[in-house]
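Engineer: Please work out how this folds:
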Amino acid sequence: MARTRTLSRSVELFGAFLKEQTDPDLFYGVLAADSVSQLGGHVSLDGVTVLDVGGGPGYFADAFRGAGATYVGLEPDAGELAARGTVEPGTLRASGEALPVRTSSVDVCYSSNVLEHVRSPWTMAAEMVRVTRSGGTVFLSYTPWLSPHGGHETGPWHYLGGYRARRRFVARFGHEPKNRFGESLFPVSVGAALRWARRCADADLVAAYPRYHPWWAAWVVHVPGLREIVCWNLVLVLRKR
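Structural biologist: Numbers count the residues shown, from 1 in each chain. So this is what the prediction gives:
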């Protein structure tokens, strides 16, 4: 699986990433297809139930269903739910920090680029583990705060402080950023995620790697300090005990 993360794939993903704001359908379409391929390297998706925590308007629904999975999306923000005009069928509106899902009821619990938007990220991570069945898979990816995109649209000024970057954005554009530091954007580090995963009593850490990088760059996750800046997006894969 690791060697499917090629340099050409990374170039394609970063190219699509640059169009996230101007052409979200393109970006999320590319990311959804890649995510299914990436997750498929850890678990077969045919016939399984996937809970997508923070799935927004359902960009990933078609990709997961195309792989044979039963897809259930969950999104707390009503505006995000209807961002593409209609709400994806089978989508729940709820918080990732209190999932309205029975314990041990899904085969795969998936979340992409959500953890940095949650005030209590490890509560959400623990909830994802809780709802996953024994032997099931938790796939969690997010943008670390000190990565180049950690401040989202306020970057790279987030390196001078989240609130300062937010004030600068307002002064320049005359309105608040979509991702407001201290309200809908929070600093989450690579180190904190690895510590949480390794100490998780109910699941084993199977893999941790930079999501968009080629396979041979996975070593950066093991270098404290450097990993916070160059990782861009961290993937944690856990197996429920």
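Engineer: longest strand of the protein?
Structural biologist: strand 132-142 (DSSP state E).
Engineer: what packs against that one?
Structural biologist: Packing partners of strand 132-142 (3 or more C-beta pairs under 8 Å, 6 or more residues apart in numbering; DSSP states H and E): strand 106-112, helix 121-131, strand 203-210, strand 234-240. The way it works is simple: take the backbone N, C-alpha and C, and place the C-beta from them, glycine included.
Engineer: Quick check: what element follows it along the chain?
Structural biologist: Downstream of strand 132-142, the next assigned helix or strand under DSSP states H and E is helix 162-173.
Engineer: Centre-most residue in the protein?
Structural biologist: Ser112 (2.1 Å; C-alpha atoms, centre = their mean).
Engineer: Does that residue touch Tyr28 like I think?
Structural biologist: No. With contacts counted by C-beta atoms under 8 Å, Ser112 stays clear of Tyr28, the gap being 9.3 Å.
Engineer: Need the overlap of contacts for the two.
Structural biologist: Applying C-beta atoms under 8 Å, 6 or more residues apart in numbering, one finds that Ser112 and Tyr28 are jointly contacted by Phe60.
Engineer: that older thread, measure how the longest strand of the chain sits relative to strand 106-112, angle-wise.
Structural biologist: 10 degrees (axes from the mean of the first three to the mean of the last three C-alpha atoms, to 10 degrees).
Engineer: Reformat the helices and strands packed on strand 132-142 into CSV and put distance to Tyr159 next to each item.
Structural biologist: Rendered in CSV, the data for the helices and strands packed on strand 132-142 read as follows (distance: least, C-beta to C-beta, whole Å):
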stretch, distance to Tyr159
strand 106-112, 24
helix 121-131, 20
strand 203-210, 19
strand 234-240, 18
